[in-house]
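# need coordinates for the following:
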Amino acid sequence: MRTLLIALVIIVIALAARAAWIVLPAAGTFADLEQTGLDGCEALTIAPGTEDVTIHPVTGLAYVSAAERRGGDGGANGIWAFDPADPQMTLRKVSDGPEDFHPHGISLLTRDNAPDRLFVINHPRAGGHRVEIFEIGTDGALSHIESITYPDLSSPNDLLAVGPRSFYATNDRRYQTGILSTLEAFLGLPLGGVSFFDGQTGSIAADGLVYANGIAMAPDGRTIYVAELLTRRVNVYRRDGADGRLERIDRIAAHTGPDNIEIGPQGDLWIGAHPNIFALLDHAEDPDSIAPSEVIRVDPETGAVSRELMALNGELNASSVGAISGTHLIVGAVFDDRVLICPRS
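Next comes the predicted model:
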């Protein structure tokens, strides 16, 4: 009996230590938060939940995925676009998507001698998850081509298009609700991962991740970055071109909770981030509760991290992406109905 009691005590202590290892950094306990990078920023109201933003490298259009994440009718859900040089005059909705459209992560695929495509994660309220593929017209508008789903697309958060109908998608967690979901989060259990759809079938390309979030690819076409929100790091993978599997080759400490990843003009990583996860959770329940917003830039060669933006007073809550477009940084958010457009030299 005594042996069993000692074993239980050891297990409890180990679980508490594991929880503390995840919870204390995620809560921003050790973070030095100071407002920065907001000079000259202007807000552009679009629609609730401007969660992901990506920039077309030729036209310069910024595409924004927007969905109401607190319920409501979601009448403004869809994909929006604007020219960062003249956002107020050029903002327009370029797709309502298919029926029951609740877009999340997006990824742009540019192609020679064929229309470009935008891939979008969709969480229909009817249940399940899909990836919607759109073709981009010469005017920037979207035409829905097809919907893709497969068993390993179990909890998709972000995606990376790598072919006309092939892509990677992060699964942020295994359990969606209940006590197992709580334990997965607070203990930082490595139950997330990355799936790969090769154009015909889906499979798991990488696993063992703690809340896998943003995903992006380096200009070399072989190096892939995956954000782990709760462990505050970015995983670096080498892609196998034959079967799509990912081999981890490095980890980069982000010193914040990384969300979506966009690649800058020099191959640098621009990441929307959450310095305080509990403030994010409070904001999810109460729109008036402020959640800090952060954008970091990561040098993939050295792993050096620089803070490019920090908003602490509700200028934008719970930033999820920072996309570079020429001399503009565009910052989106999980719940807010706007983006920030900030000048960058």
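# quick one: the strands in the stretch 151-300 of the chain, in order.
156-163, 166-171, 192-197, 202-209, 212-217, 223-228, 233-239, 246-253, 257-263, 269-274, 293-298 (DSSP state E, counting those that start in this stretch).
# and of these, who's closest to Glu51?
strand 257-263 (7.7 Å; Cβ to Cβ). For glycine as for every other residue, the C-beta is placed from the backbone atoms N, C-alpha and C.
# give me the angle between that closest one and strand 156-163.
Put simply, strand 257-263 runs at 20 degrees to strand 156-163, going by axes from the mean of the first three to the mean of the last three Cα atoms, to 10 degrees.
# so of the strands of the stretch 151-300 of the chain, which one's packed in deepest?
strand 269-274 (a mean of 28; mean count of other Cβ atoms under 10 Å).
# who's in contact with that strand?
214, 216, 225, 227, 229, 234, 254, 256-264, 280, 291-298, 300, 308, 318-324, 329, 331-332 (Cβ atoms under 8 Å, 6 or more residues apart in numbering).
# same thing with stretch 123-132?
For stretch 123-132, the surrounding residues in contact (Cβ under 8 Å, 6+ apart) are 67, 97-98, 100-104, 119-122, 144, 146-149, 153-156, 159, 167, 169, 197.
# tell me how far the ends of it are from each other?
Between the start and the finish of stretch 123-132 there is a gap of 10 Å, counting by Cα to Cα, to the nearest Å.
# show me what counts as buried in it.
The neighbour-count criterion (16 or more other Cβ atoms under 10 Å) identifies 123, 129-132 as the buried residues of stretch 123-132.
# and stretch 338-345, by the same measure?
338-342.
# and if you look at stretch 131-144?
Taking 16+ other Cβ under 10 Å as the criterion, stretch 131-144 shows 131-136, 140, 142 as buried.
# TSV for these, including secondary structure?
Below are those laid out as TSV (DSSP: H, G, I helix; E, B strand; the rest coil):
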residue	secondary structure
Val131	strand
Glu132	strand
Ile133	strand
Phe134	strand
Glu135	strand
Ile136	strand
Gly140	coil
Leu142	strand
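# have a look at those residues and tell me the least confident one.
Lowest pLDDT among these: Gly140, with 94.
# where does pLDDT dip in the stretch 101-250 of the chain?
Along the stretch 101-250 of the chain, the parts satisfying pLDDT under 70 run over 186.
# who wins for proximity to Glu42 among the strands of the stretch 151-300 of the chain?
Ranking the strands of the stretch 151-300 of the chain by distance to Glu42, with Cβ to Cβ as the measure, places strand 293-298 first at 14.9 Å.
# tilt between the closest one and strand 233-239?
Using the same axes, to 10 degrees, one finds that strand 293-298 and strand 233-239 are set 50 degrees apart in direction.
# for the next helix or strand after strand 293-298, give me every contacting residue.
Proceeding C-terminally, strand 293-298 gives way to strand 305-311 as the next helix or strand, assigned by DSSP states H and E. Outside strand 305-311, the residues that touch it by Cβ under 8 Å, 6+ apart are 33-38, 41, 252-255, 270, 275, 292-299, 319, 322, 329, 331, 340, 342, 344.
# show me what counts as buried in strand 305-311.
Judged by neighbour count (16+ other Cβ under 10 Å), strand 305-311 contains these buried residues: 305, 307-311.
# for those residues, which one is nearest Pro287?
Looking across those and measuring by Cβ to Cβ, the closest to Pro287 is Ala311, at 15.7 Å.
# what's the residue lying closest to Ile263 once chain neighbours are set aside in contact with, if anything?
For Ile263, ignoring the flanking residues on the chain, the nearest one in space by Cβ to Cβ, 6 or more residues apart in numbering is Ala216 at 5.3 Å. Shown in contact with Ala216 (Cβ under 8 Å, 6+ apart): 160, 224-225, 261-263, 269.
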